[in-house]
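Engineer: just coords:
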C-alpha cells in the first residue's frame with residue numbers, strides 16, 4: 001500500500017509540474033516575444049541606419065557635385081574676367097603707347113628744326129675753317145663721281161661745298177664707267193649699312 005500511495009504522489013507532482021509549465025509558458029512566451037521585439041527593433045534600427053547613411057551619402061555626393069559645378073563655374077568666370085582685364089590692359093597700354101609716340105613725334109617735330117639749325121651752324125663753323133684747296137683735294141683724291149650723291153645727302157654743308165666746287169651730284173651707272181672704276185682700283189669699299197641705306201633710299 002505504501003507503494004501504491006507513493007504512486008499518486010509522483011503523479012501529482014508531475015501534474016503540478018505540468019500545471020506550472022502551463023502557467024510559465026505565457027510568461028516565457030512573453031519574455032521571448034519581448035526579446036524578439038528587441039531583436040526586431042535592433043534589426044529595424046540597423047536598416048534605418050543603413051538607409052539614413054545611404055541617403056546622407058547621396059546628399060553628400062549631390063552637394064559635392066553641386067559644389068564642383070559651382071567651383072567650375074566660378075573658375076570659368078574668373079578666367080573670363082582675367083582675359084577681359086588682360087584685353088583691356090593690352091588695349092589701354094597700346095593706346096597709351098600710341099599717345100606717347102604721338103607726343104614724342106610732336107616734340108621731335110617742334111624741336112628738330114632748331115636742333116638741326118644749331119648742328120648745321122656748328123658744322124659750318126668747324127668745317128668752314130678748311131680752305132677751298134683742301135676741299136678740292138678731298139673731292140678729287142678721295143671721292144669718286146658715284147660717291148658725290150652719298151656725301152651730298154650727309155648734310156647741307158657738304159652739298160653746298162660740292163656745288164661751290166662745281167661738282168655734279170649724280171651717279172653714273174653706265175656699265176663701261178663702272179668697269180673702268182673697278183679696274184682703276186679706286187672703288188671704295190662700303191659697309192653693309194651703306195648698302196642697306198642705298199637700297200632703302202632708292
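Structural biologist: Received it, and whenever you're ready, just let me know what you need. From a predicted model like this one, the values you see are computed outputs, not experimental measurements.

Engineer: Look up the pLDDT of residue 61 for me, please.
Structural biologist: Confidence at residue 61, expressed as pLDDT, is 90.

Engineer: Kindly report the same for residue 162.
Structural biologist: Listed pLDDT for residue 162 reads 79.

Engineer: ok now the helix or strand where it lies, how far from the chain's centre?
Structural biologist: Here residue 162 is covered by helix 156-164, with elements defined by DSSP states H and E. Centroid separation between helix 156-164 and its chain, computed with Cα atoms, centre = their mean, to the nearest Å, is 56 Å.

Engineer: try stretch 51-66
Structural biologist: In terms of Cα atoms, centre = their mean, the centre of stretch 51-66 is found 39 Å from the chain centre.

Engineer: Buried residues of it, list them for me.
Structural biologist: When neighbours are counted by 16 or more other Cβ atoms under 10 Å, no buried residue of stretch 51-66 is found. The way it works is simple: take the backbone N, C-alpha and C, and place the C-beta from them, glycine included.

Engineer: Ok, stretch 140-158 next?
Structural biologist: The neighbour-count check on stretch 140-158 (16+ other Cβ under 10 Å) flags 143, 146-152, 155, 157-158 as buried.

Engineer: pLDDT on that stretch, on average?
Structural biologist: Stretch 140-158 carries an average pLDDT of 76.

Engineer: start to end distance for it?
Structural biologist: With Cα to Cα, to the nearest Å as the measure, the first residue of stretch 140-158 is 14 Å from its last.

Engineer: any idea how far it is from the chain center?
Structural biologist: With Cα atoms, centre = their mean, you get 52 Å for stretch 140-158.

Engineer: From residue 96, how far out is residue 90?
Structural biologist: Distance of residue 90 to residue 96, computed by Cβ to Cβ, to the nearest Å: 11 Å.

Engineer: One more: residue 125?
Structural biologist: Distance of residue 125 to residue 96, given as Cβ to Cβ: 42 Å.

Engineer: what do you get for residue 28?
Structural biologist: Separation of residue 28 from residue 96 (Cβ to Cβ) stands at 98 Å.
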